[in-house]
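Peer 1: Output the structure for:
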Amino acid sequence: MNHTSDILIIGSGAAGLTAALNLADRFQVTVLAKGALDEGSTAWAQGGIAAVLEPGDSFESHIEDTMIAGAGLNDRTTVEMVVENAPAAIERLEQLGVPFNTEGNALHLTREGGHSHRRIVHVDDATGWAVQQALLRAARAHPNIRLVPDHVVIDLATSRHETRYSGAGNVWGVYAFSRTTNRVELFTARATILATGGAGRTYLFSTAPRGATGDGIAMAWRAGARVSNMEFMQFHPTCLYNLEVKNFLITEAVRGEGGQLKIPGTGYRFMPDFDPRMELAPRDIVARAIDHEIKRLGLDYVHLDISHMGPEFVKHHFPTIYSRLLDLDIDMTKEPIPVVPAQHYTCGGIVIDRDGRTDLPNLYAAGECTQSGLHGANRLASNSLLECFVFGEAAASHIKAHWGDLAPPPAIKPWDESRVTDSDEEVVIKQNWTEIRRFMWNYVGIVRTTKRLERAAHRIKVLRDEVADYYGHFRVTPDLIELRNLLESADLIVRSALHRKESRGLHYTLDYPETLPEAIDTILVP
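Peer 2: Next up is the predicted model:
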């Protein structure tokens, strides 16, 4: 089955829906979602959106904070573009009905690690969910936007899939597995935007949703686009430690509002030993400090304590977290929260320019699947949703301005499964999925060594042959598609990490603890 529209967007989070809403007044837009329309990373974002709105704050200050967190690897022009567009992005979200917290007549601003001012607008401690609902409401109401859930994209349809083969490298859409029909369908368009999120599920412990398997990054790489800075995987310092509940994030704002990190049993506050900014140091420093104390003392977790701020303050600022923890018999107004670091954000990805263009004609990308130059070697808290809005709009603007240059898609071959059968050994997928996540956590985690990275590379080489053999013999399933992308993402991370012979930002290796004088991007070329 072939579906055609003017523009195809893969991903229904902040970046994808922002692009869709900016394009739909002129074009027919199809938005594909892997599962439900609100299942992506956007809905999981607790913290907020960074913007210069406080008297005494400045664009220059926000830019400097971003550059410092990014360890000098950021592209300054990109940082300036994103920061300067932030207040307008907030205004548009207000117009869409996002109910940001207010104080008097102004937006309430909180502060997070690495920021020199209060500049985080938020909706309690569930900003992403509120943003997702507002964008979805607007998209559902627009007659030119077709929202298609439950489609797992397999690969980009490019010039080599044309009925008359071409090596031009154009992207004409995607092949996607429909969970409804259990068949592979073809979606074509003049322009395709990848807004597929990050690759957090390559790790055993991650705050990312189940679907964050690096799909867009892996597909773009296989199609011939460059990928950059994949070694910079951000670990959130404070994920709830609970054997029954996985992936529950304790937002950065808890530390921003006075939360303290302590050693269980002694109550010793350890962050002053690591950084003068204490709990408000950037995430990479806080995560490494927690990792250091856990390994040094043989702990399972450390404590995050905000009980000294008083019950009313805590309940008012963190109602969602307070309620969720209470269900787990943890009263954060009276006792500390057990926390561990967990993979949280993919700072590298598909190389794009300031218009959201990739290396491949007709292919754009926005959000966490990209390396735009904004984050550098470490993302500053609450710059991620902001990047989605600014680059979703930038990609849409470029498509509108250059629509006349975009040719209609030619005839594309349908998906061919004439030489494959249904799998009789699904256990292979589960085994390999678990193995990847476990060795990535143990060998490619917060603190790395060359020997550990080489071990991971060896395992990837063995698994690549297994997965390729499986993929070549059996019909695709959502789990097989994700496993293939997960392995590709893991390979890109390990290759990038082995390439960087220094410690910078999120990439910390015991073999090269110094930071080199010049900051250079790691760029992998297919």
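Peer 1: what are the ranges of the helices in the stretch 251-400 of the chain?
Peer 2: 253-256, 283-297, 311-317, 319-327, 384-401 (DSSP state H, counting those that start in this stretch).
Peer 1: oh sorry, the question was meant for the chain
Peer 2: All helices of the chain, identified by DSSP state H, fall at 14-23, 59-69, 76-95, 127-141, 215-223, 253-256, 283-297, 311-317, 319-327, 384-401, 427-443, 450-473, 478-499.
Peer 1: Residue 233 is nearest to which of those?
Peer 2: Of all the helices of the chain, helix 478-499 sits nearest to residue 233, with 6.5 Å by CB to CB. Yep, even glycine has a C-beta here, placed from its N, CA and C like the rest.
Peer 1: For the closest one, buried residues please.
Peer 2: 478, 480-498 (16 or more other CB atoms under 10 Å).
Peer 1: Next, the buried residues of stretch 214-225.
Peer 2: Neighbour-count burial for stretch 214-225 flags 214, 215, 216, 217, 218, 219, 220, 221, 223, 224, 225 (criterion: 16+ other CB under 10 Å).
Peer 1: typo on my end, it should be stretch 82-96
Peer 2: Buried residues in stretch 82-96 (16+ other CB under 10 Å): 82, 83, 85, 86, 89, 90, 93.
Peer 1: nearest to residue 337, of the buried residues of stretch 214-225?
Peer 2: Of all the buried residues of stretch 214-225, residue 214 has the smallest distance to residue 337: 29.7 Å, by CB to CB.
Peer 1: tally of neighbours for residue 292?
Peer 2: Applying other CB atoms under 10 Å, we find 15 other residues in the vicinity of residue 292.
Peer 1: Could you check how far it is from residue 206?
Peer 2: Residue 292 sits 21 Å away from residue 206, going by CB to CB, to the nearest Å.
Peer 1: And residue 389, by the same measure?
Peer 2: Going from residue 389 to residue 206 by CB to CB gives 24 Å.
Peer 1: What residue in this structure is the furthest from its centre?
Peer 2: Distance from the C-alpha centroid of the chain peaks at residue 164, with 36.5 Å (CA atoms, centre = their mean).
Peer 1: could you point out the longest strand in this protein?
Peer 2: Longest strand in the chain by number of residues, with DSSP state E as the criterion: strand 337-346.
Peer 1: by how many degrees do that one and helix 427-443 diverge?
Peer 2: 110 degrees (axes from the mean of the first three to the mean of the last three CA atoms, to 10 degrees).
Peer 1: what's the nearest residue to residue 523 if we skip its chain neighbours?
Peer 2: Closest residue to residue 523 apart from its sequence neighbours, by CB to CB, 6 or more residues apart in numbering: residue 228 at 4.8 Å.
Peer 1: Same question for residue 285.
Peer 2: Closest residue in space to residue 285, ignoring its immediate chain neighbours: residue 275 at 5.3 Å, by CB to CB, 6+ apart.
Peer 1: Model confidence for the one you found, exactly?
Peer 2: The confidence metric pLDDT takes the value 95 at residue 275.
Peer 1: For it, what are phi and psi?
Peer 2: With angles defined as degrees, to the nearest 10, residue 275 sits at phi -160, psi 140.
Peer 1: Pretty sure it sits against residue 289.
Peer 2: Yes - with contact defined as CB atoms under 8 Å, residue 275 counts as touching residue 289 (7.4 Å).
Peer 1: Tell me which of these two has more neighbours.
Peer 2: Higher neighbour count among residue 275 and residue 289: residue 289, with 22 against 16, using other CB under 10 Å.
Peer 1: Could you measure from the residue nearest to the more buried one when sequence neighbours are not counted over to residue 292?
Peer 2: Closest residue to residue 289 apart from its sequence neighbours, by CB to CB, 6+ apart: residue 274 at 4.2 Å. Using CB to CB, residue 274 is found at 8 Å from residue 292.
Peer 1: Would you confirm that residue 78 contacts residue 372?
Peer 2: Yes - using CB under 8 Å, residue 78 makes contact with residue 372 at a distance of 5.6 Å.
Peer 1: Give me the common contacts of those two.
Peer 2: residue 354 (CB atoms under 8 Å, 6 or more residues apart in numbering).
Peer 1: Which one's more surrounded, those two?
Peer 2: Comparing residue 78 with residue 372 by other CB under 10 Å, the one with more neighbours is residue 372, at 26 against 21.
Peer 1: so that one makes contact with residue 387?
Peer 2: Yes - applying CB under 8 Å as the test, residue 372 and residue 387 come out as touching, 6.6 Å apart.
Peer 1: quick revisit: switch the buried residues of stretch 82-96 over to JSON lines; also include distance to residue 509 and pLDDT.
Peer 2: Listed next are the buried residues of stretch 82-96 as JSON lines, based on distance: CB to CB, whole Å; pLDDT from 0 to 100:
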{"residue": "82", "distance to residue 509": "29", "pLDDT": "98"}
{"residue": "83", "distance to residue 509": "30", "pLDDT": "98"}
{"residue": "85", "distance to residue 509": "35", "pLDDT": "97"}
{"residue": "86", "distance to residue 509": "33", "pLDDT": "96"}
{"residue": "89", "distance to residue 509": "36", "pLDDT": "96"}
{"residue": "90", "distance to residue 509": "38", "pLDDT": "96"}
{"residue": "93", "distance to residue 509": "39", "pLDDT": "96"}
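Peer 1: which pair in the residues you listed spans the largest distance?
Peer 2: With CB to CB as the measure, no two of the buried residues of stretch 82-96 lie farther apart than 83 and 93, at 16.3 Å.
Peer 1: among the helices of the chain, which is nearest residue 519?
Peer 2: Residue 519 lies closest, by CB to CB, to one member of the helices of the chain: helix 59-69, at 10.1 Å.
Peer 1: got the angle for the closest one vs helix 384-401?
Peer 2: Following the same axes, to 10 degrees, one obtains 110 degrees for the angle between helix 59-69 and helix 384-401.
Peer 1: for helix 59-69, packing partners?
Peer 2: helix 76-95 (3 or more CB pairs under 8 Å, 6 or more residues apart in numbering; DSSP states H and E).
Peer 1: Other residues contacting the helix it packs on?
Peer 2: Contacts of helix 76-95 (CB under 8 Å, 6+ apart): 49-53, 59, 62-63, 66-67, 70, 100, 107, 121, 131, 134, 354, 372-374, 383, 386-387, 389-391, 393.
Peer 1: Let's see that with 7 Å instead.
Peer 2: With contact meaning CB atoms under 7 Å, 6 or more residues apart in numbering, helix 76-95 is reached by 49-53, 59, 62-63, 66-67, 100, 121, 131, 134, 354, 372-374, 386-387, 389-390.
Peer 1: Of the residues you listed, just the buried ones, ChimeraX syntax please.
Peer 2: Here is the ChimeraX command that picks out the buried ones among the contacts of helix 76-95, judged by 16+ other CB under 10 Å:
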select :49,50,51,52,53,62,63,66,67,100,121,131,134,354,372,373,374,386,387,389,390
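Peer 1: Next up, the contacts around residue 224.
Peer 2: By CB under 7 Å, 6+ apart, residue 224 lies in contact with 169, 359, 360, 526.
Peer 1: count of residues packed around the third one?
Peer 2: The burial metric for residue 360, expressed as a neighbour count using other CB under 10 Å, is 22.
Peer 1: ok, now residue 417?
Peer 2: Residue 417, neighbours per other CB under 10 Å, totals 12.
Peer 1: Hmm, it is touching residue 475, no?
Peer 2: Yes - with contacts defined as CB atoms under 7 Å, residue 417 counts as touching residue 475 at a distance of 5.6 Å.
Peer 1: if we can go back for a sec, wait, which of the helices of the chain is closest to residue 159?
Peer 2: helix 215-223 (9.7 Å).
Peer 1: per-residue confidence for residue 425?
Peer 2: Looking at residue 425, its pLDDT reads 74.
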